[in-house]
Every structure is written in C-alpha cells, then in structure tokens.
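Chemist: Here is a sequence together with a model predicted from it:
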Amino acid sequence: MGGAPGPFAPNELVYLASLRARLRCGVALLVIAADEAVAVWAARPIETGHPGFALAPLVLGPRSVPVVRDAEQASRAPELAVLSAMVHGRGPAAVDVALVALAAAQQLDDSRATLYFDLVYASISEAARAILEGLMTSRNFEYQSDFAKRYFAQGQAAGEASGEARGEARGEARALLNVLAARGVEVPEEARQRILSCMDLAVLDTWLARAVTAKRVSEVVGE
C-alpha cells in the first residue's frame with residue numbers, strides 16, 4: 001500500500017460489499033504493511049458517509065508481527081512464518097525470515113506450498129531473493145525437497161524462456177535499425193532508444209514492415 005492518505009476509499013468498500021454478497025458470509029478488510037508509517041495510515045477509519053458507520057481496517061504491520069527466525073517455531077506455525085516474511089522481508093532479517101518460512105511451507109500440500117512460496121518471494125527484497133535462489137538450488141541445502149526442486153526448476157525455465165524472448169526482440173530491433181540505416185533514414189537518439197527498449201515482437205514486426213518503405217522514422221514508430 002502506498003500513496004497519499006485519502007478520506008474515502010471506495011474501492012475497498014466495493015470489494016468488501018461484493019465479496020460478502022458473493023460468498024454470503026462475514027468479511028473483513030485486512031491490510032498487511034511492511035512499513036510502519038503505512039500501517040499507521042492504513043489503520044485510520046474509512047468514513048463511509050453513513051451516520052455512525054466508519055470502516056476500521058485490520059492492520060498487520062512490523063510492530064504487530066513477530067520476526068520468526070526459528071525453524072521449529074516456523075514449522076509449528078507456517079502461516080505466521082509466511083506473514084513474518086511478508087512484513088519483514090525488506091528489512092535486515094529478510095533472508096532469515098524467508099528461509100524458515102520456505103522451509104516450513106515445504107511440509108504442506110503442494111497447493112498451499114506454492115501459494116506461500118509465491119507470497120514470500122513477492123514480499124522480500126531483490127537482494128534477499130538472489131541469496132535465497134542460490135541457497136535453494138544448492139544440492140547441499142538442508143531444506144531442499146522435491147517440491148522446492150520443482151518450484152525452482154519451473155522458475156528457472158520461465159526465466160530462460162523470458163531471456164530467449166528478450167534476445168529475439170533485441171535482435172529484431174537491431175535488424176530494424178540496420179534497415180533504416182541502409183535506406184538512409186535518420187534515427188534520432190530518442191527513437192533509437194525506443195526501438196531498442198521495445199520487447200514486443202509483434203510491434204517490432206510492424207515497425208520492420210514499415211521501415212521497408214518509410215522515408216522518416218516517424219513513419220515507422222510514430223511521432
């Protein structure tokens with residue numbers, strides 16, 4: 001959560017009302033905040049305009065969620081360990097809390113384990129994520145399981161596929177620039193950077209087709 005606080009939050013109210021109508025049960029608004037200032041802001045009641053009714057969100061912030069570093073504690077309460085990683089995953093304890101949360105999640109069924117792995121990885125800092133990936137893919141890592149191997153293998157395959165797509169896009173962008181250069185079409189630096197940064201192959205195909213007859217770069221990529 002972020003941004004400037006506002007006096008009214010229609011999106012949250014609509015979400016709660018529609019969820020209650022769909023599930024036909026009680027619902028609550030829970031905010032998980034990794035920043036204490038955001039947690040304080042999020043706890044402010046949301047005025048609905050209805051007399052006597054202000055929605056007070058439930059908030060879990062750094063002060064209300066313990067830093068779970070102990071593997072045994074995490075094993076007893078995997079959900080608490082995951083919450084700890086979500087809230088403290090960008091602080092100095094990021095690697096520790098993520099490690100015990102992932103280790104505890106591996107003991108669960110694949111559906112919950114996948115959800116918890118995704119939540120932990122989405123919550124921690126990039127530096128902590130890089131360290132964890134190195135540890136979890138190590139053959140000697142004591143917490144590695146069949147589930148972890150599958151999870152990281154899928155992530156690695158997705159990364160390789162993404163890398164191949166980026167490489168293909170860069171190659172097509174360079175080919176486009178070569179066509180324009182061969183035809184004597186001037187390409188300002190701003191347009192060059194726009195072409196080189198484009199990762200959409202369909203767009204690059206369209207630009208390449210235009211480059212065959214274009215007299216100005218604006219006829220290829222627009223103004």
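Modeler: Happy to help now that I have it. Residues are numbered from 1 along each chain as shown.
Chemist: for this structure, what helix or strand is lowest in average pLDDT?
Modeler: Counting by mean pLDDT, DSSP states H and E, the chain has its least confident helix or strand at helix 146-182, which shows a mean of 71.
Chemist: Tell me which residues of stretch 178-198 come out buried.
Modeler: Buried residues in stretch 178-198, counted by 16 or more other C-beta atoms under 10 Å: 179, 180, 185, 187, 191, 194, 195, 198. In short, each C-beta sits where N, CA and C put it, glycine included.
Chemist: Where does pLDDT dip in this protein?
Modeler: Residue ranges of the chain with pLDDT under 70: 1-10, 136-145, 148-149, 152-165, 223.
Chemist: Show me the domain layout of it.
Modeler: 10-60, 71-148, 158-221 (automatic domain parsing).
Chemist: out of those, deepest packed?
Modeler: Most buried of the domains of the chain, by mean neighbour count (mean count of other C-beta atoms under 10 Å): domain 71-148, with a mean of 18.
Chemist: on that earlier part again, the buried residues of stretch 178-198: which two are farthest apart?
Modeler: 185 and 198 (17.0 Å; C-beta to C-beta).
Chemist: Kindly format the C-alpha coordinates of the host helix or strand of residue 132 as PDB.
Modeler: Taking DSSP states H and E as the definition, residue 132 sits inside helix 126-136. Included here for helix 126-136 are C-alpha records, laid out as PDB according to Å, rounded to 0.1, in the frame of the first residue of the first chain:
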ATOM      1  CA  GLU A 126      15.700  -8.400  -4.600                       C
ATOM      2  CA  ALA A 127      19.000  -8.900  -2.800                       C
ATOM      3  CA  ALA A 128      17.400 -11.400  -0.400                       C
ATOM      4  CA  ARG A 129      15.700 -13.200  -3.300                       C
ATOM      5  CA  ALA A 130      19.000 -13.600  -5.100                       C
ATOM      6  CA  ILE A 131      20.600 -15.100  -2.000                       C
ATOM      7  CA  LEU A 132      17.700 -17.500  -1.500                       C
ATOM      8  CA  GLU A 133      17.700 -18.700  -5.100                       C
ATOM      9  CA  GLY A 134      21.400 -19.600  -4.700                       C
ATOM     10  CA  LEU A 135      20.800 -21.400  -1.500                       C
ATOM     11  CA  MET A 136      17.600 -23.200  -2.500                       C
END
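Chemist: by contact count, what packs against that helix?
Modeler: helix 94-105, helix 146-182 (3 or more C-beta pairs under 8 Å, 6 or more residues apart in numbering; DSSP states H and E).
Chemist: and after the last one, which helix or strand comes next?
Modeler: Just to be clear, that refers to helix 146-182. helix 189-197.
Chemist: Tell me the helix or strand right after that following helix.
Modeler: helix 201-211.
Chemist: CA atoms of the helix or strand following that next one as PDB?
Modeler: Counting by DSSP H and E, the next helix or strand C-terminal to helix 201-211 is helix 218-221. Presented in PDB, the C-alpha positions along helix 218-221 are these (Å, rounded to 0.1, in the frame of the first residue of the first chain):
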ATOM      1  CA  SER A 218       8.200   8.900 -37.600                       C
ATOM      2  CA  GLU A 219       6.500   6.800 -40.300                       C
ATOM      3  CA  VAL A 220       7.900   3.700 -38.500                       C
ATOM      4  CA  VAL A 221       7.400   4.300 -34.800                       C
END
